[in-house]
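[1] what's the 3D shape of this:
(2 chains)
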Amino acid sequence: MSRTRTPVVTGWFVGDGAEFRLLGTRCSACGSVFFPREDTCCRDPGCRGGDLAEVPLSRRGRVWSYTDSRYRPPSPYVTDPELPWEPCALIAVELESERIVVLGQAVPGITVADLTVGMEMEVVPGVLHEDAETTWTTWRWRPTGVE
Amino acid sequence: MAADGGGVMTGEVAVLGAGMHPWGKWGRSFVEYGVRAARAALADAGVDWRDVGSIVGADTVRGGYPGYVAGATFARALGWQGARVASVYAACASGAQAIDAARAQILAGLAEVVLVVGADAAPKGFFRPAGGDRPDDPDWLRFRVLGATNPTYFGLYARRRMAVHGDTPQDFALVKVKNAAMGALNPNARYRKRVTAEEVAASAVVADPLRLLDICATSDGGAALVLSSMEFARRHGTAEPVRIRAVSTVTPRYPRTVLDLPDIATDSAAGAEPPGETFRASIARAAYEEAGIGPEDLSLAEVYDLSTALELEWYEDLGLCGEGEAAKLLREGVTAPGGRIPVNPSGGLASFGEAVPAQAIAQVCEATWQLRGRAGDRQIPDARVAVTANQGLFGHGSAVVAVR
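    Model prediction:
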């Protein structure tokens, strides 16, 4: 039986392969960008409040900082308790045009030893975990030039 | 008048009593810790519980319903006596909010004597969000989507300091060495053993670059204060009480450009220029302005060292030194006992671990004992002005200025 591919959160990203993009919203009045998406009101207190339109975020940015989880995170993070925990790198990436920092997991195989602050990264589709019926998809950061 | 929640000189309130239940992993109810701390504070104040006009509880999210109505829970356990009641929640800043609520009641003339209590019974291991599927809750989402525990955020800040300011893991370890030496002298601390830099370096990495001994534990504990009007203190025969001169409970300004718990992203600065100071620096500034003092007036500071690297951030946010100069300040011994501005003479969270709603109250307990000259082996000579600083999840500032 094939699993259904389902985003871990609805409406935060779209597309496959090189077309994969994080999705935010942008205020038509002040230009503020929101990720995770803000669909109610612009949160700039100095803005009269414009329409919030969905907008794809830049695919590339630079490392603001990074760390990792050496110990298994608690629920609701889903892991297989039967398997040993593999440390997972977390990367905060600054997107230049949006002037925003977005946290994400690194692609598998990238550890903190591979990272430096300022390094260029790109967003790629990834799998968070799988269960019997569903492949839960997410976004991941990958150093540019790495396939 | 700027809408920054600060800048207004307010009246002072007296700290009549301070009390704590020792921090640890005792395995009992938060109610017991809170009640013992409250009784200790009442005894210290020489005030009968039945003469307290109002009780403010700092909530815990880990104690079920009684934790959400902490004020009433403690009032019932102390014995119903008809006092006005309030319960407040602001994550790590809950204690400061409770102090602020009590102060506001006193200054408004709603109550003369207010008991402030916070206590927690912490889980083993990482803090985790409340149960259930809640995809509209940022605190749930960061665990569900990223597995981003609190220490991973501390790791991000530490690495950023290393990249921007050239701090080293050895600098971070020296914070632990300093705080553990003070905690060893504090009977209310959970960890009462001196620690060497080698021991820090030999402990396991939890969230690179931070190791187990760089990160504060989660603890059980309780802290309480008896606050009153200055007029009541005089009638009570307390001629020169420690006074709370400022309580800063400010929120951030948009756009906030430093990634903060529990967020997955910062605000965008594409539409509005960021403010000239960070959120943490604004917490301190509001407290200084309200108290009419500056960092040069401080005798000591109690700051929220959730990690060793975060203590260094606070040096800069409190204006004890310029940006990027904190590690130098530490290495020169300026923030150690005997230095110009000792930081965390209590031993800090490094020695206590965090008992969330009690912690900001515990900071003020230490400030009170220091300002009274009753801090025993930890005493900072001739302490006159103390600041406490802390920041709660979801944008809660917390700083208190106490003077003698």
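[2] which regions of chain A sit below the pLDDT cut-off?
    Low-confidence segments of chain A (pLDDT under 70): A:1, A:147.
[3] so residue B:361 is in which element?
    helix B:356-372 (DSSP states H and E).
[4] what's residue 118 in contact with, if anything?
    Going with chain A. Neighbour list for residue A:118: A:62-63, B:163 [criterion: C-beta atoms under 8 Å, 6 or more residues apart in numbering or on different chains]. (Glycine included, C-beta is placed from N, CA and C.)
[5] ah, no, chain B please
    Contact partners of residue B:118, counting by C-beta under 8 Å, 6+ apart, are B:34, B:57-58, B:60, B:70, B:94-95, B:98, B:222-224, B:355-361.
[6] and if we set it to 10 Å?
    B:30, B:33-34, B:37-38, B:56-60, B:70, B:74, B:88, B:94-99, B:221-225, B:355-362 (C-beta atoms under 10 Å, 6 or more residues apart in numbering or on different chains).
[7] Residue B:249 now?
    Residues near residue B:249 by C-beta under 10 Å, 6+ apart: B:5-6, B:88, B:90, B:93, B:96-97, B:99-101, B:283, B:286-287, B:392, B:396-400.
[8] Which of the contacts of residue B:118 fall within strands?
    Mapping these onto strands (DSSP state E) picks out B:56-58, B:88, B:221-225.
[9] so which of these comes closest to chain A?
    residue B:221 (21.7 Å; C-beta to the nearest C-beta).
[10] Just grab the bridge partners of that closest one for me.
    Beta-bridge partners of residue B:221, counted by DSSP bridges, are residue B:120.
[11] gap between the two ends of stretch A:91-110?
    End-to-end distance for stretch A:91-110, by C-alpha to C-alpha, to the nearest Å: 10 Å.
[12] near chain B, anything from it?
    Yes. Stretch A:91-110 reaches chain B (C-beta under 10 Å from any C-beta of the partner chain) through A:91-105.
[13] What residues sit buried inside that stretch?
    Of the residues in stretch A:91-110, A:91-95, A:98-107, A:110 count as buried by neighbour count, 16 or more other C-beta atoms under 10 Å in any protein chain shown.
[14] pretty sure residue B:97 contacts residue B:392?
    Yes. Residue B:97 is within contact range of residue B:392, at 8.2 Å (criterion: C-beta atoms under 10 Å).
[15] Of those two, give the one with the bigger neighbour count.
    Taking neighbours as other C-beta atoms under 10 Å in any protein chain shown, residue B:97 and residue B:392 compare with residue B:97 leading, 27 against 24.
[16] OK, contacts around the more buried one?
    When contacts are counted by C-beta under 10 Å, 6+ apart, residue B:97 touches B:56, B:58-59, B:86, B:88-91, B:116, B:118, B:247, B:249, B:357, B:360, B:392, B:396-398.
[17] and residue 121, how many neighbours does it have?
    No chain in the question, so chain A it is. Neighbour number of residue A:121 under other C-beta under 10 Å is 28.
[18] let's do chain B instead
    Counted with other C-beta under 10 Å, the neighbours of residue B:121 add up to 24.
[19] Please look at it and residue B:61 and confirm they touch.
    No. Using C-beta under 10 Å, residue B:121 makes no contact with residue B:61, being 11.4 Å away.
[20] Give me the common contacts of these two.
    Residues touching both residue B:121 and residue B:61 (C-beta under 10 Å, 6+ apart): residue B:67.
[21] taking the residues of stretch A:91-110 next to chain B one by one, which sit in strands?
    Of the residues of stretch A:91-110 next to chain B, the ones assigned to strands by DSSP E are A:91-95, A:100-105.
[22] what's the distance between residue B:118 and chain A?
    24 Å (C-beta to the nearest C-beta, to the nearest Å).
[23] per-residue confidence for that residue?
    You'll see residue B:118 listed with a pLDDT of 98.
[24] What helix or strand is it located in?
    Element membership for residue B:118, per DSSP H and E: strand B:113-120.
[25] between that strand and helix B:356-372, how many degrees?
    130 degrees (axes from the mean of the first three to the mean of the last three C-alpha atoms, to 10 degrees).
[26] In stretch B:328-340, which residues are buried?
    Within stretch B:328-340, the residues that qualify as buried are B:328-330, B:334-337, B:339, counting by 16+ other C-beta under 10 Å.
[27] Equivalent analysis for stretch B:186-205, please.
    Applying a neighbour-count criterion of 16+ other C-beta under 10 Å, one finds B:186, B:188-191, B:195, B:197, B:199-200, B:203, B:205 buried in stretch B:186-205.
[28] Please tell me how far whatever residue of the stretch 101-250 of chain B ends up closest to chain A sits from residue A:67.
    Relative to chain A, the nearest point of the stretch 101-250 of chain B is residue B:155 (3.0 Å; C-beta to the nearest C-beta). Separation of residue B:155 from residue A:67 (C-beta to C-beta, to the nearest Å): 3 Å.
[29] quick one, strands of chain A?
    Under the criterion DSSP E, chain A contains strands at A:4-7, A:13-14, A:21-27, A:33-34, A:52-56, A:60-69, A:88-95, A:100-106, A:120-130, A:134-143.
[30] Could I have the CA atoms of the helix or strand of chain B with the lowest mean pLDDT written out in CSV?
    Using mean pLDDT, DSSP states H and E, helix B:138-141 stands out as the lowest-scoring helix or strand of chain B, at a mean of 94. Extracted C-alpha coordinates of helix B:138-141, given in CSV (Å, rounded to 0.1, in the frame of the first residue of the first chain):
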residue,chain,number,x,y,z
PRO,B,138,3.6,27.9,18.1
ASP,B,139,4.9,26.1,21.1
TRP,B,140,3.3,22.8,19.9
LEU,B,141,4.5,23.4,16.3
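[31] which outside residues touch that helix?
    For helix B:138-141, contacts defined as C-beta under 10 Å, 6+ apart pick out A:8-9, A:12, A:36, A:76, B:91, B:127-135, B:148, B:261-265, B:393-394.
[32] any low-confidence regions in chain B?
    The low-confidence ranges in chain B, as defined by pLDDT under 70, are B:1-10.
[33] where do the contact lists of residue B:97 and residue B:392 overlap?
    By C-beta under 10 Å, 6+ apart, the residues touching both residue B:97 and residue B:392 are B:89-91, B:249, B:357, B:360, B:398.
[34] ok, and the most crowded of these?
    Tallying neighbours with other C-beta under 10 Å puts residue B:357 at the head of these, with 37 neighbours.
[35] mind listing what that one touches?
    Contact analysis of residue B:357 by C-beta under 10 Å, 6+ apart lists B:30, B:34, B:57-63, B:67, B:70, B:87-95, B:97-98, B:117-120, B:221-223, B:392.
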